[in-house]
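1. Show me how the following folds:
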Amino acid sequence: MTTVDRPRTHAPTELLPVDRDLFRAVLRRQAATVVVVTAVAPGTRGPACLGGLGELVRAGFTATSFTSVSLDPPLVSFCLGHASSSWPVLARADHVAVHLLGAGQRDAARVFATSGIDRFAAYPDWSPGPFGVPLLDGVLALMLCRVVHRVPAGDHTVVIAEPLALGPGADGDPLVYHRGAYTTAEPTVPA
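-> Alright, predicted model coming up:
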């Protein structure tokens with residue numbers, strides 16, 4: 001058996017201990033598709049004879065952790081932090097909608113990433129869908145899903161959902177999050 005010595009063309013990568021800031025900085029280098037996840041769950045207020053359940057409570061948030069999990073059966077996943085204002089609704093939601101945003105939907109991404117506001121009042125381009133789940137207009141694709149698993153993972157939960165219905169939406173380039181900013185997969189053209 002013969003071995004070949006390969007010359008090093010660069011210095012070895014320096015490995016550093018993991019800390020929160022460095023971890024976040026490294027993850028910002030990964031480009032990720034931007035989605036908005038919407039959901040509804042029964043409220044916790046109301047007459048005691050009804051089990052304390054009131055009207056449906058909506059939630060929506062921007063995520064970059066969306067991915068496909070399985071083709072057979074079809075499954076997708078996304079993650080949500082327990083400190084998120086949307087977590088109390090997602091923790092109880094039976095159904096969610098995942099909206100793949102297009103390059104021209106930066107406003108939707110920003111609104112659903114903003115804390116302390118009524119996101120559905122700030123972004124009026126939606127309507128109630130099946131199960132009362134809010135559906136955003138004009139997205140590249142839409143998946144109405146049934147939540148099948150919630151897997152605790154550190155300060156987040158991985159939500160695994162089964163698509164029940166699909167809306168292929170409009171054609172176009174996806175909105176991408178990279179290096180702390182929204183961009184697109186379309187190559188930039190010099191002016």
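2. bridging residues for the residue nearest to the spatial centre of the chain?
-> Residue closest to the mean C-alpha point of the chain, counted by C-alpha atoms, centre = their mean, is residue 63 at 2.6 Å. Counting by DSSP bridges, residue 63 is bridged to residue 35.
3. ok, it to residue 55 distance?
-> To residue 55, residue 63 is 25 Å away according to C-beta to C-beta, to the nearest Å. (Glycine included, C-beta is placed from N, CA and C.)
4. And the worst-scoring helix or strand of the chain on mean pLDDT, what does it pack against?
-> Of all helical and strand segments in the chain, the minimum by mean pLDDT, DSSP states H and E falls on helix 20-27, at a mean of 84. If you count contacts as 3 or more C-beta pairs under 8 Å, 6 or more residues apart in numbering; DSSP states H and E, helix 20-27 packs onto no helix or strand.
5. Give me the contact list for the following helix or strand past that helix.
-> Next helix or strand after helix 20-27 toward the C-terminus (DSSP states H and E): strand 32-33. The contact list for strand 32-33 (C-beta atoms under 8 Å, 6 or more residues apart in numbering) reads 64-66, 100, 174-178.
6. what do you get if the cut-off is 6 Å, keeping everything else the same?
-> Contact with strand 32-33 is made by 64, 174, 177, as judged by C-beta atoms under 6 Å, 6 or more residues apart in numbering.
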